[in-house]
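Undergrad: have a look at this prediction, sequence included:
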Amino acid sequence: ELDITKPFSHLGKNMKEGMHRLQVVFAKPVALMTDFVAPIIPKTSAQIELLESSLKKNFVFATISESERKIIIGAMEKKSYKKGTKIIRMGDIGEFFYVVDSGNIQFEKLEGVPLGSIGRGGTFGELALLYDCPRSVTCIAITDVVLWRVDQMTVRNVKATYAVKDQAAGDAISKIPFLAPLH
């Protein structure tokens, strides 16, 4: 087993423990699928408005382009869960990001000990989009809930595709002499 704390032994116990925890936080490389096409799931204008508003408030989506946001919203699927369902279990590796359409979700670190809750428009699971790390809390439907969700690979492919397009645009600008200083 790889011990990443050895090079940091001079930093003290707390830092070494923090470095050890980093072993479980990683992201799979994105294999850019040049033929990737995000699914398009029909939504009403009210549903799109809710999803746009929720994504704009979430740190993962706050700075993405309008085009990226539209593709991600288009790919979000609706899922219903009964009261008492554990949507996310602490320790599991996450695959989805969620937006609450209706109902309430409670977060628990220890079984039966609530940390907080969210309702309509609330979001959770965003770290699953960034890292392949164990879920840090359990998320339980405390009422019947309707959620919108999008999977990790869809978000990663959309973001990677737009990053490549941005790079290509920058490369093109750098080849035009009077625009080159802008790149």
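TA: Happy to help now that I have it.
Undergrad: tell me how far Ser102 lies from Ser136.
TA: 25 Å (CB to CB, to the nearest Å). Any C-beta I mention is one placed from the backbone N, CA and C, and that applies to glycine too.
Undergrad: now the residue nearest to Gly84 when sequence neighbours are not counted: phi and psi?
TA: Leaving aside its sequence neighbours, Gly84 sits nearest to Ala141 (CB to CB, 6 or more residues apart in numbering; 6.5 Å). Dihedral pair for Ala141: phi -70, psi 110, per degrees, to the nearest 10.
Undergrad: read off the pLDDT value for Ala141.
TA: In this model, Ala141 is scored at 98, pLDDT.
Undergrad: surely it meets Ile88?
TA: No - using CB atoms under 8 Å as the test, Ala141 is too far from Ile88 to be in contact (10.6 Å).
Undergrad: contacts only, for Ser136.
TA: Residues near Ser136 by CB atoms under 8 Å, 6 or more residues apart in numbering: 90, 109, 127.
Undergrad: can you show me the helices along the chain?
TA: For the chain, the helices defined by DSSP state H occupy 13-21, 45-57, 66-75, 127-130, 152-174.
Undergrad: buried set for the fourth one?
TA: Of the residues in helix 127-130, those scored as buried under the neighbour-count criterion (16 or more other CB atoms under 10 Å) are 127-129.
Undergrad: again, but for stretch 65-72
TA: 68-72.
Undergrad: nearest to Ser53 among those?
TA: Arg69 (10.9 Å; CB to CB).
Undergrad: what's the burial count for Leu115?
TA: Neighbours of Leu115 under the rule other CB atoms under 10 Å: 12.
Undergrad: that one and Phe107 touch, don't they?
TA: Yes - between Leu115 and Phe107 there is a contact at 4.4 Å, judged by CB under 8 Å.
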